[in-house]
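Asker: I need the structure of the sequence given here:
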Amino acid sequence: MNEQLLKAVQYTIEAGYQLDSEAFALLETLSKTENPLNLMEKIMGKMAELPQKPLFIGRSLLEQFIDQTAKKKPEPTVEPLPEPFVESKKEGFKPFAKEVDPEIEVLEDPTSTIRTSGSISEYHEYFLDRFTRLQKFLRQRIDAKNASSLTDALKAPANSKVRVIGMLTEKRESNRRTFLRLEDQEASATVLVNENLEGSVLERVHSLLLDQVICVVATKARDDLLVLEDILFPEIPQRTPRTASEPVYAALISDLHVGSRHFIREAFNRFLLWLNGKIGDPNWREIASHVKYVVVAGDLVDGIGIYPNQLEDLLIRDIYKQYSVAAKFLEQIPDYMELIIIPGNHDASRKALPQPALPKEYTEPICETREIQSLGNPCSVALHGVELLLYHGRSLDDVLANAPNISFKSPEKAMKLLLRSRHLAPIYGQRTPIAPGRRDFLVIERVPDIFHAGHVHVQATERYRGVLLVNSGAWQDRTEYQSKMGLEPNPGIIPIVDLQTLRVTTLNFNPQPYQAGTAAL
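Answerer: Numbers count the residues shown, from 1 in each chain. Here you go, the predicted model:
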């Protein structure tokens with residue numbers, strides 16, 4: 001604790017108050033940009049005006065006083081939409097999608113079934129559920145169907161061939177060899193990886209993530225040592241995707257970060273104008289006429305206290321006002337379009353995965369003007385018969401930090417690795433908070449037709465084994481924190497998916513260049 005922060009806490013205690021843990025965390029964040037003692041002195045003056053004085057100062061009360069005592073920064077005003085940046089000379093706009101009835105089926109949503117107490121038994125049940133279900137996927141493979149337990153494999157004679165399924169609990173790499181530690185419910189073993197294996201096998205070894213469930217093909221050596229020959233992932237099967245019976249489109253977006261000074265409002269206004277058929281050449285207007293669904297994969301607002309020095313980046317320091325302003329933008333989406341929203345790590349939902357749907361107290365401003373489908377993160381929905389796996393993508397940070405040859409510039413590669421793992425957040429205990437429970441909601445049980453994520457602010461698409469991978473980019477310019485993280489976002493570039501063909505068209509809503517590109521997938 002720095003000296004100024006310590007003095008601020010001591011001053012608060014001497015004044016007869018205590019800060020709860022969340023209020024202290026906020027004060028600690030504030031101390032990096034302003035003097036916390038001066039701040040608490042001003043707040044104590046406000047506390048003296050209260051008719052009933054609380055013993056504990058909570059985060060919400062602290063935020064309220066900060067708003068009252070801090071120098072007011074200009075709050076945003078949602079101005080009328082700007083004039084179209086490309087005028088259409090066509091008469092009228094007759095959207096095809098307006099005449100089409102919506103077809104939405106929620107296939108999986110953790111919101112109503114999340115239960116956790118944080119007990120040791122729940123951690124055990126969580127990992128057991130993960131292992132059992134991923135083991136089932138592995139045994140569906142012909143080459144892993146007859147895999148034995150680690151106990152039986154370790155009893156096998158030396159030099160015999162074995163196949164075992166286990167969870168990776170340790171990975172130690174050097175220039176000449178790699179050691180893996182594998183566990184199942186009964187035993188554990190060390191797996192030696194020699195660097196003379198063929199390249200494709202070594203590539204799979206180097207891409208391994210801790211806590212993945214895999215099948216190891218090996219030769220039994222001495223004691224508990226196995227010498228690796230190959231690695232098999234749970235993997236998704238090669239399949240033909242489902243498609244819609246008519247040409248309806250889905251606009252896949254995420255990471256608006258309303259409330260941030262870096263929210264690119266002008267570009268988002270162009271997007272709204274385009275949805276309403278008010279801008280664009282004939283090709284753009286034709287695409288807009290088929291949009292039936294707008295899907296937001298998290299981070300509708302920028303939130304409060306999410307990253308160091310965030311307050312300096314905020315135009316709106318009140319979380320309720322952030323959602324209120326976001327609602328003013330979203331209400332301009334045509335009412336015949338269906339709006340689906342899940343939370344992200346900046347939203348006002350719990351931070352640990354899985355996240356329930358946004359609380360009604362925050363979505364109320366949106367619901368006052370239009371109907372929405374507010375679901376948890378992750379979730380699965382079918383739109384006109386096409387199944388989408390919606391996931392904000394927090395664990396992409398862990399994958400990008402641990403897997404070689406994958407960077408922020410290529411989030412689709414990280415998404416592909418998650419599909420191969422059949423799990424949305426294999427690594428436990430790093431950047432991604434995961435709440436244990438009797439069921440692991442992050443196992444990819446259903447193979448989707450579209451896997452839609454966001455979080456890394458880089459728009460990218462790829463197709464893998466019949467699944468369309470879409471990372472939807474963002475509506476926020478680069479922040480100083482992102483610069484320190486080495487993240488180079490490409491905001492305002494949006495993927496539009498034709499659900500009848502699963503063909504992707506990317507539209508750039510930034511001032512320049514004004515163009516559309518169709519992904520040849």
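Asker: Show me what the closest residue to Leu468 other than its chain neighbours bridges to in the sheet.
Answerer: Spatial nearest neighbour of Leu468, chain neighbours left out: Ile450 (4.7 Å); criterion: CB to CB, 6 or more residues apart in numbering. From N, CA and C alone the C-beta is placed, and that goes for glycine too. With DSSP bridges as the criterion, Ile450 is bridged to Leu388, Leu468.
Asker: For Ile450, give its distance to Ala297.
Answerer: 11 Å (CB to CB, to the nearest Å).
Asker: got any residues that touch both of these two?
Answerer: Overlap of the contact sets of Ile450 and Ala297 (by CB atoms under 8 Å, 6 or more residues apart in numbering) consists of Leu252.
Asker: Next, give phi and psi for the residue nearest to Leu19 when sequence neighbours are not counted.
Answerer: Once flanking residues are discounted, Leu19 sits nearest to Ile57: 5.2 Å by CB to CB, 6+ apart. Here is the backbone geometry of Ile57 (degrees, to the nearest 10): phi -100, psi 120.
Asker: what residues are up against Ile57?
Answerer: Contact partners of Ile57, counting by CB under 8 Å, 6+ apart, are 12, 17-20, 23, 43, 47.
Asker: now with 10 Å?
Answerer: 12, 15, 17-20, 23-24, 27, 40, 43-44, 47, 65 (CB atoms under 10 Å, 6 or more residues apart in numbering).
Asker: Among these, name the buried ones.
Answerer: Members of those that pass the buried threshold by neighbour count (16 or more other CB atoms under 10 Å) are listed as 12, 15, 17, 19, 23-24, 27, 40, 43-44, 47, 65.
Asker: where do the strands sit along the stretch 51-200 of the chain?
Answerer: Residue ranges of the strands in the stretch 51-200 of the chain, as given by DSSP state E, counting those that start in this stretch, are 56-57, 104-108, 161-173, 177-183, 188-194.
Asker: Make a markdown table out of those strands and add distance to Pro354.
Answerer: As requested, the strands of the stretch 51-200 of the chain are exported to a markdown table (distance: least, CB to CB, whole Å):
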| stretch | distance to Pro354 |
| --- | --- |
| strand 56-57 | 30 |
| strand 104-108 | 10 |
| strand 161-173 | 20 |
| strand 177-183 | 24 |
| strand 188-194 | 29 |
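Asker: worst average pLDDT in those strands?
Answerer: Of all the strands of the stretch 51-200 of the chain, strand 56-57 carries the lowest average pLDDT, namely a mean of 78.
Asker: lowest-pLDDT helix or strand in the protein?
Answerer: The element with the least model confidence among the helices and strands of the chain, by mean pLDDT, DSSP states H and E, is strand 516-519, at a mean of 43.
Asker: quick check, nearest of the buried ones among the contacts of Ile57 to His124?
Answerer: Closest to His124 out of the buried ones among the contacts of Ile57 is Phe24 (32.0 Å), distances taken as CB to CB.
Asker: what's the closest one sitting at in phi/psi?
Answerer: Recorded main-chain torsions at Phe24 are phi -60, psi -40, according to degrees, to the nearest 10.
Asker: For it, give me its contacts.
Answerer: Contact criterion CB under 10 Å, 6+ apart gives 1, 5, 8-9, 12, 18, 57, 59, 62 as the residues in contact with Phe24.
Asker: quick one: it from Gly58, how far?
Answerer: As judged by CB to CB, Phe24 and Gly58 stand 10 Å apart.
Asker: May I see the buried residues of stretch 227-237?
Answerer: Of the residues in stretch 227-237, 228-236 count as buried by neighbour count, 16+ other CB under 10 Å.
Asker: whoops, stretch 207-225 was the one
Answerer: Of the residues in stretch 207-225, 207-220, 224-225 count as buried by neighbour count, 16+ other CB under 10 Å.
Asker: do stretch 142-159 as well
Answerer: Neighbour-count burial for stretch 142-159, counted by 16+ other CB under 10 Å, picks out 144, 147, 150, 153-154.
Asker: Likewise for stretch 255-275?
Answerer: 255-265, 267-275.
Asker: can you list the contacts of Ile57 in CSV and add distance to Ala189 and secondary structure?
Answerer: Compiled in CSV, the contacts of Ile57 are given as follows (distance: CB to CB, whole Å; DSSP: H, G, I helix; E, B strand; the rest coil):
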residue, distance to Ala189, secondary structure
Thr12, 54, helix
Ala15, 59, coil
Tyr17, 55, coil
Gln18, 51, strand
Leu19, 49, strand
Asp20, 46, coil
Ala23, 48, helix
Phe24, 45, helix
Leu27, 49, helix
Met40, 56, helix
Ile43, 58, helix
Met44, 61, helix
Met47, 60, helix
Phe65, 57, helix
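Asker: is it possible to export the buried residues of stretch 227-237 to CSV including pLDDT, distance to Leu383 and secondary structure?
Answerer: Supplementary listing: these in CSV, determined by pLDDT from 0 to 100; distance: CB to CB, whole Å; DSSP: H, G, I helix; E, B strand; the rest coil:
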residue, pLDDT, distance to Leu383, secondary structure
Leu228, 96, 42, strand
Glu229, 95, 43, strand
Asp230, 96, 38, strand
Ile231, 96, 35, strand
Leu232, 96, 33, strand
Phe233, 97, 28, coil
Pro234, 96, 26, coil
Glu235, 95, 25, coil
Ile236, 97, 20, coil
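Asker: Tell me how many other residues surround Pro436.
Answerer: Burial of Pro436, expressed as a neighbour count using other CB atoms under 10 Å, amounts to 20.
Asker: right, and it touches Ser121 too?
Answerer: Yes - Pro436 is within contact range of Ser121, at 9.3 Å (criterion: CB atoms under 10 Å).
Asker: one step back: now for the buried residues of stretch 142-159, which pair is the farthest apart?
Answerer: Ala144 and Leu154 (18.2 Å).
Asker: Just the C-alphas of stretch 221-233, formatted as PDB.
Answerer: The C-alpha atoms that make up stretch 221-233 are tabulated as PDB, following Å, rounded to 0.1, in the frame of the first residue of the first chain:
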ATOM      1  CA  ALA A 221       9.000 -46.600 -20.200                       C
ATOM      2  CA  ARG A 222      10.200 -47.100 -16.600                       C
ATOM      3  CA  ASP A 223       8.100 -46.300 -13.500                       C
ATOM      4  CA  ASP A 224       5.500 -43.600 -14.300                       C
ATOM      5  CA  LEU A 225       7.200 -42.400 -17.500                       C
ATOM      6  CA  LEU A 226       5.500 -42.400 -20.900                       C
ATOM      7  CA  VAL A 227       7.300 -41.400 -24.100                       C
ATOM      8  CA  LEU A 228       5.000 -39.500 -26.400                       C
ATOM      9  CA  GLU A 229       4.300 -40.500 -30.000                       C
ATOM     10  CA  ASP A 230       1.200 -38.400 -30.700                       C
ATOM     11  CA  ILE A 231      -1.500 -36.200 -29.100                       C
ATOM     12  CA  LEU A 232      -5.200 -36.300 -29.900                       C
ATOM     13  CA  PHE A 233      -7.600 -33.500 -29.000                       C
END
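Asker: Run the chain-centre distance for that stretch.
Answerer: What separates the centre of stretch 221-233 from the centre of its chain is 34 Å, taken as CA atoms, centre = their mean, to the nearest Å.
Asker: How about Leu502: what's its closest non-neighbour residue?
Answerer: Leaving aside its chain neighbours, Leu502 sits nearest to Leu468 (5.2 Å; criterion: CB to CB, 6+ apart).
Asker: Ok, Asn405 next?
Answerer: If you skip the residues right next to it in sequence, Asn405 has Lys413 as its closest partner in space, 7.6 Å away by CB to CB, 6+ apart.
Asker: Could you do Ala327 as well?
Answerer: On the basis of CB to CB, 6+ apart, the spatially nearest residue to Ala327 that is not a chain neighbour turns out to be Pro365, at 3.7 Å.
Asker: dump the residue contacts of Phe408.
Answerer: Taking CB under 10 Å, 6+ apart as the criterion, Phe408 is in contact with 396-397, 400, 414, 456-458, 482, 485-489.
Asker: that older thread, now do the contacts for the residue nearest to Leu502.
Answerer: Applying CB under 10 Å, 6+ apart to Leu468 gives the contacts 241, 252, 386, 388, 448-452, 461-462, 495, 497, 502-504, 519, 521.
Asker: Thanks a lot, catch you later.
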